[in-house]
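> sequence and predicted model, in that order:
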Amino acid sequence: MKNLIILLLLLGGSITAMAQTPIVNSKIKYKDFKDVKWINGGDIHDEHTTLVEFYIDGNPSCRVIMDEVLLPMHKDKPDVQIIILAFEESTRLRVIAENYPGVNIGLDPKGSVFKLFGVKYVPQSVLIGENDRIKWRGALNQSFSTL
């Protein structure tokens, strides 16, 4: 019985791991962003390194990452294309759009891109390399700005 329980736990963990899509090194197609309603930007280029940030305005951690990592990174690393995706528009996102015109801010009200990337919590970020493959995914922190 003990062996059966251990086997079931191992299988459950394997199935959960397989459900986390897409994984690092997966190829991304920018046409998958076609349903996004862009507040500003939307002229995304697949030849750039891209950082996609999944954002919910009411989440304090999302706000900290925006202020302390993403917006400073936009100034310091203009070669990194930043995409911020949210379910709904907010005053804060409109202000960011006005003050940071180079940051692509989009609304994903149906959550299609959130689902595509397997986002189940925020803040969550995905770094896409110049070869359109996921290089990293997880939650940003202060040390990430030293890319």
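On my side now, so go ahead. Numbering: from 1, shown residues only.

> where do the strands sit along this structure?
Under the criterion DSSP state E, strands of the chain are mapped to 37-40, 49-55, 80-86, 104-107, 124-128, 134-138.

> mind listing what the last one pairs with, with the direction of each?
Next to strand 134-138 in the sheet, as set by DSSP bridges, lie strand 124-128 (antiparallel).

> what's the weakest-modelled helix or strand in this protein?
For the chain, using mean pLDDT, DSSP states H and E, the weakest element among its helices and strands is helix 2-19, scoring a mean of 44.

> so where's the chain shaky on pLDDT?
Low-confidence segments of the chain, defined by pLDDT under 70, are located at 1-22, 142-147.

> which positions within stretch 126-143 qualify as buried?
When burial is assessed from 16 or more other Cβ atoms under 10 Å, stretch 126-143 yields the following buried residues: V126, L127, I128, I134, R137, L140. C-beta: built from backbone N, CA, C; applies to glycine.

> the first one contacts W136, correct?
Read it as V126. Yes. Under the criterion of Cβ atoms under 8 Å, V126 lies in contact with W136, with a separation of 7.5 Å.

> buried ones in stretch 65-74?
The neighbour-count criterion (16+ other Cβ under 10 Å) identifies I65, M66, V69, L70, L71, M73, H74 as the buried residues of stretch 65-74.
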